[in-house]
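Enquirer: Need a 3D model of the following:
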Amino acid sequence: MNYIVIPKDIIGYKSNSKLSDIYTYACMRSTINYKSGISKIN
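Expert: Predicted structure coming up:
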């Protein structure tokens, strides 16, 4: 089973849309190409 590890330092985010930022991070990490390091999201 694959899963995304969200780093603990994300707690320190000071934005107004913290949950949206965490969700965006998880989406980008889930679509990353590990050979090139590029994430493609449509």
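
Enquirer: Could you say which helix or strand holds the most centrally placed residue in the chain?
Expert: Closest residue to the average C-alpha location of the chain: residue 25 at 1.9 Å, with CA atoms, centre = their mean. Assessed by DSSP states H and E, residue 25 sits inside helix 18-30.

Enquirer: And for that helix, what's in contact with it?
Expert: 4, 6, 10, 13, 15, 39, 41 (CB atoms under 8 Å, 6 or more residues apart in numbering). Any C-beta I mention is one placed from the backbone N, CA and C, and that applies to glycine too.

Enquirer: Buried residues, that helix. List them.
Expert: If you call a residue buried by 16 or more other CB atoms under 10 Å, then helix 18-30 has no buried ones at all.

Enquirer: how far is it from where the chain is centred?
Expert: Computed by CA atoms, centre = their mean, to the nearest Å, the separation of helix 18-30 from the middle of its chain amounts to 4 Å.

Enquirer: So what's the residue count around residue 10?
Expert: With neighbours defined by other CB atoms under 10 Å, the count for residue 10 comes to 12.

Enquirer: ok, back up a step: parallel or antiparallel, which strands does whichever helix or strand comes after the helix holding residue 25 pair with?
Expert: Helices and strands here follow DSSP H and E; after helix 18-30, the next one along the chain is strand 32-33. Sheet pairing for strand 32-33, assigned by DSSP bridges, gives strand 38-39 (antiparallel).

Enquirer: what sits up against the partner strand?
Expert: Against strand 38-39 from outside (CB under 8 Å, 6+ apart): 28-29, 31-33.

Enquirer: I'd like the mean pLDDT over that strand, please.
Expert: Here strand 38-39 scores 80 as its mean pLDDT.

Enquirer: Would you mind listing where this protein has pLDDT under the threshold?
Expert: Within the chain, the ranges that satisfy pLDDT under 70 run 1-2, 42.

Enquirer: what about 80?
Expert: Scanning the chain with the threshold set as pLDDT under 80 gives 1-6, 10-11, 13-15, 30, 34, 37, 39-42.

Enquirer: who touches residue 9 in this structure?
Expert: So residue 9 contacts nothing (CB under 8 Å, 6+ apart).
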